[in-house]
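Student: Attaching a predicted model along with its sequence, questions to come.
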Amino acid sequence: MVLIPIGPKDRKLLIHVDTGNSTIGPRELPLVYGHQDAITMLHATVSFESSHDCKAKAIEIMFKAAVRTGFFSKDEASRKHEGEQVFYSKQWTLDVERPKPGWISKGSYARQCSVVLDPSLPSSSESPYGSMKYVFEARLKGAKGIGIARTDHVVTQEVWVLNSSLPSLEAMPPPLDQPLKAEEQWANALRYSFSVPSNVLYQGQVVPITVQLDPFMISSAYEGEEAVVSSANFTLRETKTFRAMFVRDTHTTQAKVLQIPVNAGWPQSVEGWARTIHITLPSSPALSTDLRSKYLDITHTLEVVVEFKTSKMSKPEKLRALFDVQITAPRPYSAEPPLYGESVLAVESQLPIEPPPAMDEEELLPGYSRYE
């Protein structure tokens, strides 16, 4: 809710977004979930109260879902590049009574404005150089200043939207038999693999990552040795690429949104072994969902690094794997999701994720062309 006095007298402009529940997003914003299996509506009530007749042309209301970017040029520190891609917008006018042209009669006025939330649009995200926002705006036209210099008074209310590409629980096929797996060989002596349930993960998910080391290969220099793991690191990197209108310059940031070291509890055996580590992904807004748009791209990479040593080694060696993963929003659950085996907790991402029908199946979700 936004409640802002707009003058010395008793005049108020207010926007209230009713999400139908008490769930609160970042910065205490209204939080709304969207997904493919149900129609999600955003309802905002815009009201204006005045104890006296006031000078104003009109009260205009707008909703906009858009990506906006802004960054400074590499060569000109004082020149800021900006870009905006509007995915959806809608406008209304608040009906008022007028004692004469250019004035609004005293009293109370209200209107409910409703928007169908498109679940294929990107989820909300924010950063210093760009954001994806869903915003209601109420504008009192010509309410401030004197004469021809009069300006508008504007009140806004952002809504935090989490659109999920995960299928419904009722539509879930059996769990995948073959998880996403990286199989490698170290120094022609040691076969190893790292696996995750799927390349599509969701914010706040508990993700099981399995590390498996085979016995050292026969006739290798380390045959019969034990691979003793001293440490392992699980890192999720988020890369954001910002673009702007009319310029070729781009600005890229990369952040480690998750880094978990695991230094104890590793098995030791000449016969080989496997261990599953559960990592909990950050929630929104610390972790953004994947996005491809005209002015902003967001991608994610999961890196697994295991450091080990044998009695014949003078220094530790590293085993490494990189996974390009897609991050989506979670679905709201009315009941606990099912479990998939002992080592998996609430991993709905074990499902193959299909993009929305209007989307190119080979594009990364959510799949917006930067050239549209």
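Tutor: Done, it's in.
Student: Tell me where the stretch 101-250 of the chain has helices.
Tutor: Ranges of helices in the stretch 101-250 of the chain, per DSSP state H, counting those that start in this stretch: none exist.
Student: just the strands in it please.
Tutor: Ranges of strands within the stretch 101-250 of the chain are 103-104, 107-117, 125-127, 130-144, 151-163, 180-186, 190-196, 200-202, 206-213, 228-242, based on DSSP state E, counting those that start in this stretch.
Student: so what does the fourth one touch, helix or strand wise?
Tutor: Read it as strand 130-144. Contacts defined by 3 or more C-beta pairs under 8 Å, 6 or more residues apart in numbering; DSSP states H and E place strand 130-144 against strand 11-18, strand 40-50, strand 54-55, strand 59-72, strand 125-127, strand 151-163. No exception for glycine: its C-beta is placed from N, CA and C like everyone else's.
Student: could I get those strands as a markdown table with mean neighbour count, mean pLDDT and distance to residue 137?
Tutor: Shown next, in a markdown table, are these (neighbours: other C-beta atoms under 10 Å; pLDDT from 0 to 100; distance: least, C-beta to C-beta, whole Å):
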| stretch | mean neighbour count | mean pLDDT | distance to residue 137 |
| --- | --- | --- | --- |
| strand 11-18 | 19 | 92 | 8 |
| strand 40-50 | 19 | 93 | 9 |
| strand 54-55 | 15 | 86 | 19 |
| strand 59-72 | 19 | 96 | 5 |
| strand 125-127 | 19 | 96 | 18 |
| strand 151-163 | 20 | 93 | 5 |
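Student: circling back: name the stretch among the strands of the stretch 101-250 of the chain that sits most buried.
Tutor: Comparing those by mean neighbour count (mean count of other C-beta atoms under 10 Å), strand 200-202 comes out on top with a mean of 25.
Student: Compare the helices and strands packed on strand 130-144 and give me the one nearest residue 254.
Tutor: Minimum separation from residue 254 across the helices and strands packed on strand 130-144 (C-beta to C-beta) falls at strand 125-127, 11.7 Å.
Student: Now tabulate the strands of the stretch 101-250 of the chain in JSON lines and tack on distance to residue 267.
Tutor: Formatted as JSON lines, the strands of the stretch 101-250 of the chain follow (distance: least, C-beta to C-beta, whole Å):
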{"stretch": "strand 103-104", "distance to residue 267": "75"}
{"stretch": "strand 107-117", "distance to residue 267": "48"}
{"stretch": "strand 125-127", "distance to residue 267": "39"}
{"stretch": "strand 130-144", "distance to residue 267": "43"}
{"stretch": "strand 151-163", "distance to residue 267": "38"}
{"stretch": "strand 180-186", "distance to residue 267": "17"}
{"stretch": "strand 190-196", "distance to residue 267": "13"}
{"stretch": "strand 200-202", "distance to residue 267": "26"}
{"stretch": "strand 206-213", "distance to residue 267": "9"}
{"stretch": "strand 228-242", "distance to residue 267": "8"}
